[in-house]
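> mind folding the following:
(one chain, ligands or ions: 1)
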Amino acid sequence: MPTPLTVDPIRLAHGADAIADAARELAAFGWTPATSSNFSMRLDDHLAAITISGRDKGRLGRDDIMVVDMHGKAVGSDARPSAETGLHTQIYRRFPDANVVLHTHSRTQSVASRLFAREGRIRLEGWELQKAISGYTTHESVLDIPVFPNTQHMPELESRVDAWIDEGKPLYAYLIDGHGIYTWGKDMPETRRHLEALEFLIGCELDLRRLSP
Ligand SMILES: [Zn+2]
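Take a look at the predicted model:
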């Protein structure tokens, strides 16, 4: 018999507070409209804390965060995890260094995801702020953000993400068509930096399309 997974209450409380603080700020930016978006943090090798489905992300408390295992199953709670929980735990399974996943639905992310869906990616090149993404040290780098088709069938989306990773392409974030962005990092500050940089860069690409003759 495998031993049941136990939740460290102190680690959970710290994780929940960090998620709630970040969520409040991202909600204030207007990136989490109408209870959308979800946020998570790895607690240990087997467990992650994640926002409960349907809560206002600008007003999260510890009771709005639950624990799931690395396959998205609720642990020690009857609450319903977000339908997209599997996309978070996939990142934790595939990237051992990822400890935080942030998913938002900003207007910029949503519009860009529609516009670039046909190309299947947004290619970022020549922007100084690419250096905000870990591992990128120059504006001369090329940073591809894939745009995957939206679906309500999460295993389909997970297999597209797996296929991208299996091809050996670098992956720090992805967009879902008409939906929003997923990004991650080693801790909350790095993941926040990735999210803010990508929001800015994607907004710049949108402006270029708008202004180019
Ligand atoms: Zn979503």
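> hey, let's count contacts and neighbours off CA atoms from now on
Noted.
> by contact count, what packs against the longest helix that the chain contains?
Ordering each helix of the chain by length in residues (DSSP state H) puts helix 188-211 first. Helices and strands touching helix 188-211, by 3 or more Cα pairs under 8 Å, 6 or more residues apart in numbering; DSSP states H and E, are strand 100-104, helix 107-115, strand 121-125, strand 180-185.
> contact partners of the first one?
Which is strand 100-104. 31-32, 36-42, 88, 91, 180-188, 191-192, 195 (Cα atoms under 8 Å, 6 or more residues apart in numbering).
> look up how far residue 86 lies from residue 51.
13 Å (Cα to Cα, to the nearest Å).
> between the two, which one's more packed in?
More neighbours surround residue 51 than the other of residue 51 and residue 86, with 29 against 21 (other Cα atoms under 10 Å).
> mind listing the strands the strand or helix carrying that one pairs with, and their directions?
Using DSSP states H and E, residue 51 falls within strand 47-51. Strands that pair with strand 47-51, judged by DSSP bridges, come out as strand 38-42 (antiparallel), strand 65-69 (antiparallel).
> now do the first one against strand 180-185, angle only.
Between the axes of strand 38-42 and strand 180-185, defined by axes from the mean of the first three to the mean of the last three Cα atoms, to 10 degrees, the angle is 20 degrees.
> from residue 99, how far off is residue 93?
10 Å.
> so what's the nearest residue to residue 195 once chain neighbours are set aside bridging to?
Spatial nearest neighbour of residue 195, excluding adjacent residues (Cα to Cα, 6 or more residues apart in numbering): residue 183 at 6.3 Å. Note on residue 183: beta-bridge partners residue 102, residue 173, judged by DSSP bridges.
> residues contacting residue 183?
101, 102, 103, 172, 173, 174, 191, 194, 195.
> doesn't residue 184 make contact with the fourth one?
Read it as residue 172. Yes: using Cα atoms under 8 Å, residue 172 is in contact with residue 184, at 6.6 Å.
> ok, those two, which is more surrounded?
With neighbours defined as other Cα under 10 Å, residue 172 and residue 184 compare such that residue 184 has more, 30 against 21.
> which residues touch the more buried one?
By Cα under 8 Å, 6+ apart, the neighbours of residue 184 are 91, 98, 99, 100, 101, 102, 172, 173, 190, 191, 194.
> next, count neighbours for the first one.
Other residues near residue 91 come to 23 when the count uses other Cα under 10 Å.
> so it, which of the three states?
helix (DSSP: H, G, I helix; E, B strand; the rest coil).
> residues contacting the nearest residue to it once chain neighbours are set aside?
Of all residues not flanking residue 91 in the chain, residue 98 sits nearest, at 7.1 Å (Cα to Cα, 6+ apart). Residues near residue 98 by Cα under 8 Å, 6+ apart: 42, 91, 92, 184, 185, 186, 187.
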